[in-house]
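**Student:** structural data only, the sequence is not supplied:
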């Protein structure tokens, strides 16, 4: 089974899912908000928070593009929401002081270099950069684990990115993602998790989810997802393009608890567990006499049947085989029939 290490955390099918609370740009450039979201994610029991690193002049040229989930240009959004290197360093120190994992997505070479200076333990690459092979190659050269989101890309496009990571010998994870904000449930396509697992057996597989609520993430765990990423906010009334698809502290806590419980419930086989034995004593049915039965009297559907508890010698599974046989001795009404009560020959 594929496995990667993010900080001190092992991630893969043999471990509880890693839930990543994506704070992203929900702080809107406000350092105080960023700290508050870290605190709330920590209070929810979250192991890992993720930010976005935007060095605007190295990331994009001035433009008037307005994202579908916003009312202003992407240039204005990112300019307003970007943190300085000193602020990102301070956030990282704060996250790690709380025993949590700090992740951040670089959207440019300058941002990747900044994160390298900050000594991040791994890189998260967003869906928009999944086919940005020059940037992926630049990041892979650092030799650190990579978590790659795959929204807006097909298997062939993903393969080219994966081959860059393989050539650099960096451990990696692939997150299925649909880049629609919010994602309608019928567009989530959880079937892609199996496709990624089959196509990339050396990758840890997860889900970066933009649908509303936790339903699809919890379902993804049952389908083998080892990483779950959701946008996160302390307050759904705050402004910001990603706030409407973000979960809050209580939903995050529920996602962490639910994903771990589902993970524990996976696997196994259909056998009788030793722990089920106490239930068997009252839940199973055994053969009992419906009337007093005299020696040599035939056993029929009129004088024997199956009833609880399951403490008798002859369980219900053997009932049919007793019909037509005769009693070997007297059997009182409402008593459990024993093998010694029956002429077997």
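**Tutor:** Received, thanks. These figures come from a predicted structure and were not determined experimentally. Numbering: from 1, shown residues only.
**Student:** CA atoms for contacts and neighbours, from now on please.
**Tutor:** OK.
**Student:** in the protein, which helix is the longest?
**Tutor:** helix 249-265 (DSSP state H).
**Student:** would you mind giving the domain segments of the chain?
**Tutor:** Residue ranges for the domains of the chain, per automatic domain parsing: 4-265, 274-343.
**Student:** so for the longest one, mean pLDDT?
**Tutor:** I take that to be domain 4-265. Averaging pLDDT along domain 4-265 gives 97.
**Student:** excluding chain neighbours, what is closest to residue 326?
**Tutor:** residue 298 (4.2 Å; CA to CA, 6 or more residues apart in numbering).
**Student:** and the one you found, how many neighbours?
**Tutor:** 18 (other CA atoms under 10 Å).
**Student:** what sits against it?
**Tutor:** Residue 298 sits next to 323-327 when contact means CA atoms under 8 Å, 6 or more residues apart in numbering.
**Student:** in this structure residue 288 contacts residue 302, no?
**Tutor:** No: using CA atoms under 8 Å, residue 288 is not in contact with residue 302, being 11.3 Å away.
**Student:** related to what we said a few turns ago, what's the separation between the residue nearest to residue 326 and residue 54?
**Tutor:** According to CA to CA, to the nearest Å, residue 298 and residue 54 sit 87 Å apart.
**Student:** dump the residue contacts of the most centrally placed residue in the chain.
**Tutor:** Of all residues in the chain, the one closest to the mean position by CA atoms, centre = their mean is residue 221, 3.6 Å from it. Taking CA under 8 Å, 6+ apart, we find residue 221 in contact with 17, 259, 262-263.
**Student:** ok, residues contacting stretch 8-15?
**Tutor:** Residues contacting stretch 8-15 (CA under 8 Å, 6+ apart): 1-5, 17-18, 204-205, 224-227.
**Student:** hmm, try it at 10 Å
**Tutor:** Identification of contacts with stretch 8-15 by CA atoms under 10 Å, 6 or more residues apart in numbering yields 1-5, 16-18, 47-48, 100-101, 121, 173, 203-206, 221, 224-227, 260, 263-264.
**Student:** again, but for stretch 321-332
**Tutor:** 287-305, 314, 337-345.
**Student:** does residue 247 touch residue 237 like I think?
**Tutor:** No: here residue 247 lies out of contact with residue 237, judged by CA atoms under 10 Å, at a distance of 11.8 Å.
**Student:** compare those two (neighbour count), which wins?
**Tutor:** residue 247 (23 against 9).
**Student:** test of understanding: give the bridge partners of that one.
**Tutor:** residue 232 (DSSP bridges).
**Student:** how about residue 176?
**Tutor:** Bridge pairing for residue 176 - DSSP bridges - gives residue 207.
**Student:** gap between it and residue 192?
**Tutor:** 7 Å.
**Student:** before we move on, back to that, the contacts of stretch 321-332 in strands, which ones?
**Tutor:** Taking DSSP state E as the definition of strands, the contacts of stretch 321-332 contribute 287-289, 304-305, 342-343.
**Student:** need the max-distance pair from those residues.
**Tutor:** Farthest-apart pair in the ones in strands among the contacts of stretch 321-332 is 305 and 343; separation 17.3 Å (CA to CA).
**Student:** which one's more surrounded, the two?
**Tutor:** residue 305 (21 against 15).
**Student:** and that one, what does it touch?
**Tutor:** 285-290, 299, 316, 319-320, 323, 334, 336-337.
**Student:** and those, which are buried?
**Tutor:** 285-290, 299, 316, 319, 323, 336-337 (16 or more other CA atoms under 10 Å).
**Student:** what's the most distant pair in the residues you listed?
**Tutor:** 285 and 299 (17.6 Å).
**Student:** all helices of this structure, in order?
**Tutor:** Counting by DSSP H, the helices of the chain are 31-43, 56-59, 74-81, 85-97, 109-117, 133-140, 155-167, 185-188, 191-199, 215-222, 249-265, 277-283, 319-322.
**Student:** and the angle from the fifth one to helix 85-97?
**Tutor:** So the one you mean is helix 109-117. When axes from the mean of the first three to the mean of the last three CA atoms, to 10 degrees is applied, the directions of helix 109-117 and helix 85-97 differ by 40 degrees.
**Student:** for helix 109-117, name the packing helices and strands.
**Tutor:** Helix 109-117 is packed against strand 48-53, helix 56-59, helix 85-97, strand 101-106, strand 123-125, helix 133-140, with contacts defined by 3 or more CA pairs under 10 Å, 6 or more residues apart in numbering; DSSP states H and E.
**Student:** repeat that for the longest one.
**Tutor:** In terms of contacts (3+ CA pairs under 10 Å, 6+ apart), helix 249-265 is packed against strand 18-24, helix 31-43, helix 215-222, strand 227-231.
**Student:** what's the angle from it to strand 18-24?
**Tutor:** 160 degrees.
**Student:** can you check the fifth one too?
**Tutor:** Direction vectors for helix 109-117 and strand 18-24, defined by the same axes, to 10 degrees, enclose an angle of 130 degrees.
**Student:** residues of helix 109-117 that come out buried?
**Tutor:** Those would be 109-112, 114-116, for helix 109-117 by 16+ other CA under 10 Å.
**Student:** try the third one
**Tutor:** Buried positions in helix 74-81, judged by neighbour count with 16+ other CA under 10 Å: 74-75, 77-79, 81.
**Student:** would a markdown table of those with distance to residue 133 be doable?
**Tutor:** Formatted as a markdown table, those follow (distance: CA to CA, whole Å):
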| residue | distance to residue 133 |
| --- | --- |
| 74 | 22 |
| 75 | 23 |
| 77 | 25 |
| 78 | 22 |
| 79 | 25 |
| 81 | 26 |
